[in-house]
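1. What follows is a predicted protein model with its sequence.
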Amino acid sequence: MDDDVISISDGSGEEEYLDRRAILEPAIRSVVDALGGYENGSYRLGDECYGCLKDLKKIWRKDDTDDERTVARILWETRVLPNDLIPILLETAGKGLLEDKCAIACADLMTAMTWPIDLAEELKELDEEHDKGTDYTQLTLSHLHYKAALLRPGAIQALFGITLPCLSKAPKERKERDIQIINVVLYLIRNLAFIKDLPPNMHLSADQAEFASMQSRLVKTLSDANVLDFLITVASSANEDPMFNGWNALVLEIFYLLFRGVKPTVLAVDQAKEPTQNLRRLLAVEDQRKRDFRRNATSRHSRFGTTLSVKLNPKKAQAKTDEEQTPEAEPEPAESSQTLVLHRQQALNQDSGSIVDRLKRQKKQKIKKTDELAREDNLSVDAKFILQNFARILIEACFNPFLSSLLKDIRAERAKITEKDNLRLLYVAKWFLEFFLCVRATQGSENAWSFGLVAEVTDRAWIVWVLKRMRQAVEEKPKAWNELQAGIDCLTQLVILIDAMSTSPVASEADVADVLQQQLIYNGEVLDIAFDSLRAYREGTQSLAYLDSSVHLAYALFRMLERWGKKRSGRGEMYVRRKEKARRRRGTGKGEEDGVPEEEEEPQEEPDEMIHETMFTFDMFEAKFAHPDITQTLLACVARFKEFTSADKMKRVVSLMHRQAVKAKAEGLYFNVSTLDLFKTILADEKSLPKDQPYKDLVNLIKYILRQFFKAVEEESFLVVQAFFPMNRGHWKEFSSWTPPEDKKGGRAETVEDTRFPPDVQVKKGYSWSEQLGITIACLVGEGKNELIEWVKQILMLAIGQRQRIIEDTDGSSSKVIDVDSDSEPENELAAVTANRGPSDEALAKMTDYLIPYVSDEQANAATKDPHLKLLFRLIKFQILDEDANELEWYIPAAVLPSDLQSCLNVISQFLETPIDLDGKNASQLLNKKRRRRRRRRSPTPDPDVSASEGEEPKKRKEKKKKEKQQYKSAQFIEDSDAEMEDMEAFLEKEKALRERTALLATSTGHIATMRSTGTKKRRKRVPDNGAAKKRRRKGQSGIDAEDEVAEARSASKGGDDSDSDGSILNLFVSPRRSPSTQPTSPNPVEIQKTKPRPKPRPRRKLASEVTEEIQETTQTSRPPANAIGSALRSPSPLPSALQAKKRGRLQLAISDEDD
């Protein structure tokens, strides 16, 4: 009965998950047993060997959905690869069609079993409940054993023998299966190169020590099996043969895995002398350790040892007495008082806390990433010799076509290209460039390699791609530091290559180098990368190799630029392209406390990058290098002075520090307590430092910086306190010998953020101009600043009155502004007709900027510091005279018409009477702060010993400006003097004479001087019968110009009695009218008092005979009635008669003074 009971699972899935191994293991073991076995010392295949191999491949696919990798673990436990697959491969490879199928199936299964494991991705995909005990150390160990098994004699040769029949076929006979077979073998070689050896350890057993040298065995095996030659064939033909081109990315990965374990400088030297050099290096390290131990060793009296017991916090918890303690009482925890035992003699005469801290530092040190790109393979001398020859052949035979094919596929975004291929290509290119330069440096001038062997990296497409990949690595979130490091290394070698080409004796190579140098400098991006890579370094974020790469790039770039400047005979000036970066808005909440929120973030389209050119000089580049972040990076590099394996690293960092502290005169960057403590440590170990010149230069540089520090302390004792704080934001300049550069050629001066006044505000987007004005007025009214609004209205009325008088005196009163509040309908109707034409060009030319006067200090302070009043000024088209002045002076531009000012005045009056409806919101909530403007940095205060003649001219200019300003303010509110009245009388006399001449002319001709008989529409004039066309006469021709007389008569009628009438809009101070010659329209008081002759209109001139013929035709066709002529003569102003003529439909107003 119990066997028939059906068990129902609870749905948790644990049983199914746990039984997966129990289900798969019997099936796998049975298939493995059916593969075959050893008989009489030789392996004999089973009857269904090929089918079993196919079944194992099908079972292997079960791991695609299994995070535990159950099938891989079972196959490792069965040891199927070393015990069965390798013997089957050796027995069947190259023995026939059926046997080759078994060999291919073995290669396919071995490729799957040795496929690299991405531990980072595998750990991310683990399930929190089911995969708690998952351990990948067993799988990584299995890969080591698989690699050792495949390195048996004959295994790699058998695998390569599988590919030979496929390669020997003609292209037309070759099938897709043949290409797949070669592909599988190449992937298997890639997998073997990927498996990392164990670190060498002398305490391991012989079997374990074998796993520390398998990479060397792999290189030898690949060389013996001619696999390396096949890889070179693929690389050299990748640009021509489509079949080989399909494997270029795979071959690139194999190159990357083979060469990343050895440095180019190691392979460039003679490998026969390498064991001796290694021995010398190890003996030097041992000798250095012995000296350090003797220097810090204890005295002979310490042989008895020292033992001290230190109790922490003895007063925190008192122990209970024996009477209080009971047998049943539990022992108190030892957390309150802890006892430590020290075995150092320093604890006798020093603070025991410092000894404990020293022990803590030794136990817990911050783990630093050494290098995430390369790895240190323990290669033998034979393996290095093979790789050296392989690298030489690769450069001489296929470096350029191989790089070209890869770059073409990457830019075409082929499906075979992965994201990591970009990183591999950068690293491989960097490695071979460095190897090329090292080998070329050891060769003689006659046998030296030609730069044409690596010409592909000097191509524009390659450089653009490298910079693009580096840009993308920086823009990624999080940043791709490894790819950025590879790009920096590649760019460094490119700079060194160009620098070496510039010194080449071949003229063509030197010319190419000069062009490349100019292009790199003009591009500007390489210069920015050198700075940004150093500034971006943060300890713990990037690896130590990234730090060395950044320092190397800056050092190489400085050397190239310095030589380039000297080569141009000191003319190191050149233009550099700069991209204008989009400014980021600061999201601080300070504005909300003031009642004005910060600028809201709205989705905006990315603006196009603006590129402009700036002058580049080497001194400017060196001065820019003086940055606090760069200094911290250099100090982090110097702090590792004990870890440097070569003097070149110290040479680079000391050179960069010297450029900062000495050449750029920025020694103040090193005036920090942490920096001085580092210098103290280096000077304490001065005797133990290597005897190379870079270390001597380091000591001399440190002593120089210390001398400068103590000199600065003598001058400014506060530096002792300032040394505890970072020297950023230019504070280091106060304590350095740095001097600001002189702007000799009138270049752009240094600018700083203007923080003298409160930040300006602006209305948020989405509001019209009138609504913005209403919101601003609501803010001022809410703050109780109605007097400022009234002041603005007075300014507008004054400006309107002044400019309207100019227009009336020039064009006549018909051009006046429409008064909305006026009840005179005829005048408004006429003004509506004439408002479209606006003032004439002559009237606009007479207008000048209207400087706004400040009557009190309150008005001056408000116009300078009140952001709401300044916003109101900007909305009504006021502008600032000088942005850098301590007291802002506002003016109304001459281009602003009285009609625009009148509309502003009307809108302000309207919102004062009826405030804007904000739907219950506060007006200040609809504003946001503007970004502060940048102003020029003021020059430092001159030395009092300087002669007074240098500052005499600016002082006079300032006094003159102050005097003009005071006179102009006073002139705004002073009535005209008697002298001006005398000028007025003379002017009126002249106007009266003009009116009389106009009346006489009208009586004699019957034509009204202010009207045109035929309107203003231009019509084609008829040509006289004789065919003579009328021509314009030039100025200065003799004859009477009748139309000039008409214009003068019209001017007289406008400027006569009408000048004394109340035709203007307002006259606040009831002062007598000024003529245009006495009207103050500019801030200069001298020009105010000077009388100017009244300019006359310049109408088109005609012959007297032509005028007489036109007048006769006009009087015959459209002679006006006598009453209209009489009214025109009697009226002091031509406006009533013009209005009557308009109503009768017989005459039209003149639109301009000229026909054209």
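-> Ah, there it is.
2. list the helices and strands the longest helix along the chain packs on?
-> As assigned by DSSP state H, the longest helix anywhere in the chain is helix 381-412. Applying 3 or more C-beta pairs under 8 Å, 6 or more residues apart in numbering; DSSP states H and E, one finds that helix 381-412 contacts helix 214-224, helix 227-236, helix 248-259, helix 264-268, helix 274-295, helix 419-442, helix 460-475. Where C-beta positions appear, they are placed from N, C-alpha and C, glycine not excepted.
3. Least confident of these, on average?
-> Mean pLDDT values for these show the minimum at helix 274-295, a mean of 80.
4. so what strands line up beside the helix or strand following it?
-> Sequence-wise, the next helix or strand downstream of helix 274-295 (DSSP states H and E) is strand 308-312. Its sheet considered, strand 308-312 pairs with strand 338-342 (antiparallel) by DSSP bridges.
5. For the helix or strand hosting residue 802, which helices and strands make contact with it?
-> Using DSSP H and E, residue 802 sits in helix 786-811. Other helices and strands packing on helix 786-811, by 3+ C-beta pairs under 8 Å, 6+ apart, are helix 769-782, helix 841-846, strand 850-851, helix 857-865, helix 867-875, helix 898-913.
6. 10 Å instead?
-> Helices and strands touching helix 786-811, by 3 or more C-beta pairs under 10 Å, 6 or more residues apart in numbering; DSSP states H and E, are helix 769-782, helix 841-846, strand 850-851, helix 857-865, helix 867-875, strand 890-892, helix 898-913, helix 1042-1055.
7. Show the contacting residues for the closest residue to residue 868 other than its chain neighbours.
-> Nearest residue to residue 868, sequence neighbours excluded (C-beta to C-beta, 6 or more residues apart in numbering): residue 779, at 4.7 Å. Under the criterion of C-beta atoms under 10 Å, 6 or more residues apart in numbering, the contact list for residue 779 reads 595-596, 761, 763, 785, 867-869, 871-872, 922-924, 926-927.
8. gap between residue 779 and residue 173?
-> From residue 779 across to residue 173, the span is 87 Å (C-beta to C-beta, to the nearest Å).
9. just to revisit the earlier point, what's the closest of the contacts of residue 779 to residue 888?
-> Distance to residue 888, by C-beta to C-beta, is smallest for residue 869 among the contacts of residue 779, at 10.6 Å.
10. burial of the residue nearest to residue 849 when sequence neighbours are not counted, as a residue count?
-> Ranked by C-beta to C-beta, 6+ apart and with sequence neighbours excluded, the top spatial neighbour of residue 849 is residue 891, at 4.7 Å. Using other C-beta atoms under 10 Å, residue 891 has 16 other residues around it.
11. got a list of what residue 891 touches?
-> Residue 891 makes contact with 799, 848-852, 878-881, 1083 under the criterion C-beta under 10 Å, 6+ apart.
12. Going by neighbour count, which of those comes out on top?
-> Busiest of the contacts of residue 891 [other C-beta under 10 Å] is residue 850, holding 25 neighbours.
13. I figured it was touching residue 901, is that so?
-> Yes. Here residue 850 lies in contact with residue 901, judged by C-beta atoms under 10 Å, at a distance of 9.4 Å.
14. Overlap of the contact sets of these two?
-> Residues touching both residue 850 and residue 901 (C-beta under 10 Å, 6+ apart): 795, 798-800, 803, 892.
15. Could you dump the residues you listed into a markdown table with pLDDT and distance to residue 671 added?
-> Compiled in a markdown table, the shared contacts of residue 850 and residue 901 are given as follows (pLDDT from 0 to 100; distance: C-beta to C-beta, whole Å):
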| residue | pLDDT | distance to residue 671 |
| --- | --- | --- |
| 795 | 90 | 54 |
| 798 | 89 | 58 |
| 799 | 89 | 57 |
| 800 | 90 | 62 |
| 803 | 87 | 61 |
| 892 | 91 | 52 |
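16. one step back: would you mind finding the most buried of the helices and strands packed on helix 381-412?
-> Comparing the helices and strands packed on helix 381-412 by mean neighbour count (mean count of other C-beta atoms under 10 Å), helix 248-259 comes out on top with a mean of 22.
17. the inter-axis angle of that one versus helix 381-412?
-> Helix 248-259 and helix 381-412 are oriented at 150 degrees to each other (axes from the mean of the first three to the mean of the last three C-alpha atoms, to 10 degrees).
18. Begin at 46 from now on, thanks
-> Okay, using 46 as the starting number, the last item reads as helix 293-304.
19. so who does residue 889 touch?
-> If you count contacts by C-beta under 10 Å, 6+ apart, residue 889 has them with 848, 851-852, 855, 883, 939-940, 942.
20. From the residues you listed, list the buried ones, please.
-> Neighbour-count burial within the contacts of residue 889 applies to 848, 851-852, 855, 939, 942; the criterion is 16 or more other C-beta atoms under 10 Å.
21. picking that back up, where does the residue nearest to residue 913 land on pLDDT?
-> Among the per-residue scores, residue 824 holds a pLDDT of 89.
22. Residue 970 versus that one, what's the distance?
-> 10 Å.
23. Which strands or helices does the host helix or strand of residue 69 pack on?
-> Using DSSP H and E, residue 69 maps to helix 65-78. Helix 65-78 sits against helix 94-105, helix 115-123, helix 125, with contacts defined as 3+ C-beta pairs under 10 Å, 6+ apart.
24. one more time with 8 Å, if that's ok
-> Helix 65-78 sits against helix 94-105, helix 115-123, with contacts defined as 3+ C-beta pairs under 8 Å, 6+ apart.
25. picking that back up, state the mean pLDDT of the longest helix of the chain.
-> Rounded mean pLDDT across helix 426-457 is 93.
26. May I see the buried residues of it?
-> Buried residues in helix 426-457, defined by neighbour count with 16+ other C-beta under 10 Å: 428-433, 435-437, 439-440, 443-452, 454-455.
27. tell me the angle that helix makes with helix 259-269.
-> Angle, helix 426-457 to helix 259-269, by the same axes, to 10 degrees: 80 degrees.
28. From residue 527, how far out is residue 415?
-> 13 Å.
29. So between these two, which is more surrounded?
-> Per other C-beta under 10 Å, whichever of residue 415 and residue 527 has more neighbours is residue 527, with 20 against 12.
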